[in-house]
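# I need the structure of the sequence given here:
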Amino acid sequence: MSTSTDKLTQGNGPSHAKHRSGQYVLGYLLSLVLTAISFALALTHAMHVAPLMIVMTILAGFQIVVQLFFFMHVTEGDGPPYHSLALILGLIFTFAIALMSVWIMGFGSQVS
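Below is the predicted model:
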């Protein structure tokens, strides 16, 4: 005799595995920590503006990764993991564009 939980773990049931509440709590705590760090850095003016923007961009990227993997379950699915690779590539492009934009804005103030 198998229960619905056994079917989920054996692969006979739905395509997604049963999620434990501990994963959600960990994701929530990581989100809170990342948000608190960003808020504290912005509130206390702990750095100059240019490094602060870079650190905030990196923290925002970590926040995106936490949201995708802990809450949106990016790595789960039936097919090949191309969708998670595409999301990671998109994240790299987003960081590249954001950091290059910050660099270009900072470069303009040094020239004039």
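# Does the host helix or strand of residue 94 pack against any helices or strands, and if so which?
Following DSSP states H and E, one finds residue 94 within helix 82-111. For helix 82-111, the elements it packs on are helix 49-66, judged by 3 or more Cβ pairs under 8 Å, 6 or more residues apart in numbering; DSSP states H and E. Bear in mind the C-beta positions are built from the backbone N, C-alpha and C, glycine included.
# Which residues in the helix it packs on does the neighbour count mark as buried?
The neighbour-count check on helix 49-66 (16 or more other Cβ atoms under 10 Å) flags 53, 54, 55, 56, 59, 60, 61, 63, 64, 65, 66 as buried.
# And the residue nearest the centre of this protein?
residue 65 (1.5 Å; Cα atoms, centre = their mean).
# how much space between it and residue 49?
Residue 65 sits 25 Å away from residue 49, going by Cβ to Cβ, to the nearest Å.
# again, but for residue 101
Taken as Cβ to Cβ, the span from residue 101 to residue 49 is 14 Å.
# Repeat that for residue 32.
25 Å.
# now residue 82
For residue 82, the distance to residue 49 - Cβ to Cβ - is 39 Å.
# got it, and residue 58?
15 Å.
# now swap in residue 23 and tell me
Distance from residue 23 to residue 49, by Cβ to Cβ: 36 Å.
# Residue 42 now?
11 Å.
# low-confidence ranges in this protein?
1-19, 74-75, 77-81, 108-112 (pLDDT under 70).
# Many thanks, I have nothing further to ask.
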